[in-house]
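Visitor: A predicted structure for the sequence below; I have some questions about it.
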Amino acid sequence: MTDQPLLLSGAAFWKSFRRNRIALAGLIMLALALFAAVFAPVIAPYDPAASVEITIDSIYARPSAAHLLGTDDAGKDVLSNFIYGSRVSLTVGIFASFISIVIGGTLGIVAGYLGGRTERVIMRFTDIMLVIPDLPLTVVIVAITKPRLLNIILVIGLIGWTTTARLVRAQTLSIKERKFVLRARSIGAGHFHILRRHIFPLVLPLLVVNSVLIISLAILNESTLSFLGLSDPTVVSWGQMLNYAFERGAMSSRAWWVLVTPGFGIVWLVLGFTLLGHGLEQVLNPRTEWHHLTDHPLMVSLPAFPETHP
């Protein structure tokens, strides 16, 4: 009987996923946001890039039948800007998270598996990066470079890998001491074979969960940069909408809809990814739901010995 944990099949994963209300709620929230981002040209009532004839009445106009969420200081429809802004947040979150996961996962697996001097060098560099606050460093780098969408994605992705590296290293250290890895090594399996067939499959669930959580952090960082005026001026984002609202008198004009709408979008996406990440962790790692001392049927399987009588 092997001691190698079995990964959930597709059917078993979906069956367990459907029973997890937290993960299901997060998935529904993200599905709605993704649908709005993909079909923005069809859903949005107006084109944010189109020129608008500005009048006194069109500036910070209250919600009406023509503009369900009102207008901003430029007389543009807030609902249309809100729908198109979801594209930027999702793009930055997904691609920046992918960069962070690739870097952090690679360094964590290499450090945990090889150990020795390689591990010390990688982890000391990781500790140095952890000491430096992410957001101030991101602001400085984006301010120095041109604040384009590609630059923002690269900067957020290249800075946010440190937590992933430490988590993956710890998981790799635990896995490489398991019996099935020692057996594979004893029969002459190479390092690449062990990493590909034994280490990576068991690290992958951790990477999936962590990537979902990193997406929410990347969305928050992008919104913060846009709010500080470090956004790509050629695209509409929720942080940029908040920046314009604060700088152009939305508070004094009592145009609450210009502030609440993008703020709601940011909270919606971050909460959706957080719920999905927490739910995936429960599905992929059921041990987080019970203590090792509790009498759980998945924890210990005792062999049934026949009763012996003297």
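Guide: Ah, there it is.
Visitor: could you use CA atoms for every contact and neighbour count after this?
Guide: OK.
Visitor: relative to residue 70, how far out is the residue positioned nearest the centre of the chain?
Guide: Geometric centre of the chain, nearest residue: residue 215, 1.9 Å, by Cα atoms, centre = their mean. Applying Cα to Cα, to the nearest Å, the value for residue 215 to residue 70 is 30 Å.
Visitor: do the same with residue 124
Guide: 52 Å.
Visitor: tally of neighbours for the closest residue in space to residue 216 that isn't next to it in sequence?
Guide: Nearest residue to residue 216 in three dimensions, chain neighbours excluded: residue 270, at 4.7 Å (Cα to Cα, 6 or more residues apart in numbering). If you count neighbours by other Cα atoms under 10 Å, residue 270 ends up with 24.
Visitor: what do you get for residue 143?
Guide: By the measure other Cα under 10 Å, the count of residues near residue 143 is 14.
Visitor: I figured it hits residue 228, correct?
Guide: No: contact between residue 143 and residue 228 fails when scored by Cα atoms under 8 Å: they sit 10.2 Å apart.
Visitor: the closest residue to residue 255 other than its chain neighbours: helix or strand, and which one exactly?
Guide: Counting by Cα to Cα, 6+ apart, residue 255 lies nearest to residue 60, which is 6.2 Å off, once chain neighbours are set aside. Element membership for residue 60, per DSSP states H and E: none, as it lies in no helix or strand.
Visitor: phi, psi of residue 60?
Guide: phi 50, psi 50 (degrees, to the nearest 10).
Visitor: for it, what are its contacts?
Guide: 70-75, 250, 253, 255 (Cα atoms under 8 Å, 6 or more residues apart in numbering).
Visitor: please repeat the previous calculation with a cut-off of 10 Å.
Guide: Going by Cα atoms under 10 Å, 6 or more residues apart in numbering, residue 60 touches 70-78, 245, 249-250, 253-258.
Visitor: same check on residue 57?
Guide: Contacts of residue 57 by Cα under 10 Å, 6+ apart are 71, 75.
Visitor: from residue 75, how far off is it?
Guide: Using Cα to Cα, we find residue 57 at a distance of 9 Å from residue 75.
Visitor: same thing with residue 189?
Guide: Taken as Cα to Cα, the span from residue 189 to residue 75 is 67 Å.
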